[in-house]
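Novice: Sequence unavailable; structure follows:
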């Protein structure tokens, strides 16, 4: 009898152990299914974080954006009070310099074809067009006049010499001007024009300026003129009570001592929406926490980040989480569920709706 009871207990224990194993395997299987479903959505599904439509399309932008059925914006719209409101076209042309060309009849033509009497101006008809002036370059020659005293010259005394003041060159002994360096930098960093293409474009304007010279100009002016400005903005940034920070990968080619495939990081720090806008970038070769610790050494306040642990060790800082990242996790949790369960009153659903309400307020 005792042996039978012992055997029954062993079987019960074995069954309980197997049930626990089955439950663990089922949980792992469900988790793997969720991850597989999420990966499918990331790879093949639509994403709310799609690339900006303003991103440059190198090849087929014209064909892609063309739409023969699109209407020209109206010049004006009439409200129910019969007052002319500012039309879309007016809004698009705000801030542009306006050139007015008047088309009049000559005095000989201002004669009535019916009776021969003189014509008078009855009204005008207007139309507008956008005129694009291609870039052009010119040489600015600075001539400083030097003055001396004729009387002192005649009396053989020490002659005082005065020279007319002139703006200091942006780079001493160089052909660079503030406008030319600003143009090259804008084309390079804002319009994504490589220096070799700028060299070709400038050549068509009869400017023989090598890409090496342009690179030298940018480095020299950045060190002499932009670095002091950057340092000043850095100090002003640290005086704010709320900042935002983020980091992204960057690949730098031909960097000394590193492979071309090495990943670098561009750290971004900026002020809040209601403060004077200051946005600063800090290039570093790693994602180590020592970089934000050094950059924010004198900062005390709230730092809005995405949850990366590298910010956790910054002293005198209260970290504020990003609800956009939190919302994404709620959305992923719901997306991993079967469709018949996605509308249930779940924590993930509640979290998603809470974030949506906050975003609507903002």
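Specialist: That came in fine, so what should we check first? Remember, predicted model here, so these are calculated numbers, not experimental data. Residues are numbered from 1 along each chain as shown.
Novice: Count the residues that sit near residue 175.
Specialist: Number of residues near residue 175 (other C-beta atoms under 10 Å) recorded here: 13. Any C-beta I mention is one placed from the backbone N, CA and C, and that applies to glycine too.
Novice: Which helix or which strand is home to it?
Specialist: Using DSSP states H and E, residue 175 sits within no helix or strand.
Novice: what's the offset of the helix or strand hosting residue 12 from the middle of its chain?
Specialist: In the assignment (DSSP H and E), residue 12 maps to helix 2-44. Here helix 2-44 is found 49 Å from its chain centre; the criterion is C-alpha atoms, centre = their mean, to the nearest Å.
Novice: Please apply the same query to stretch 346-354.
Specialist: The answer for stretch 346-354 is 31 Å, by C-alpha atoms, centre = their mean.
Novice: Tell me the buried residues in that stretch?
Specialist: Neighbour counts over stretch 346-354 (16 or more other C-beta atoms under 10 Å) mark 348, 349, 351, 352 as buried.
Novice: what's the answer for stretch 206-221, then?
Specialist: 209, 211, 213, 214, 217, 218, 220, 221.
Novice: what's stretch 161-171 in contact with?
Specialist: Stretch 161-171 is touched from outside by 142, 144-148, 176-178, 181, 217, 220-221, 224-225, with contacts defined as C-beta atoms under 8 Å, 6 or more residues apart in numbering.
Novice: contacting residues for residue 148?
Specialist: Taking C-beta under 8 Å, 6+ apart, one finds 159, 160, 161, 162 in contact with residue 148.
Novice: That should have said residue 199, apologies.
Specialist: 209, 210, 211, 214.
Novice: State the number of residues packed around the nearest residue to residue 332 once chain neighbours are set aside.
Specialist: Closest residue to residue 332 in three dimensions, ignoring its sequence neighbours and counting by C-beta to C-beta, 6 or more residues apart in numbering: residue 38, at 5.5 Å. By the criterion of other C-beta under 10 Å, residue 38 has 16 neighbours.
Novice: where does residue 246 land in three-state SS?
Specialist: strand (DSSP: H, G, I helix; E, B strand; the rest coil).
Novice: before we move on, back to that, closest to residue 195 among the contacts of stretch 161-171?
Specialist: residue 217 (10.3 Å; C-beta to C-beta).
Novice: Does the closest one touch residue 178 like I think?
Specialist: No - counting by C-beta atoms under 8 Å, residue 217 does not reach residue 178; the two are 10.9 Å apart.
Novice: quick one: which of the buried residues of stretch 346-354 is nearest to residue 11?
Specialist: Out of the buried residues of stretch 346-354, the member with the shortest distance to residue 11 (by C-beta to C-beta) is residue 348, at 40.3 Å.
Novice: can you map out the strands along the stretch 201-350 of the chain?
Specialist: 242-251, 263-271, 279-284, 301-304, 317-320 (DSSP state E, counting those that start in this stretch).
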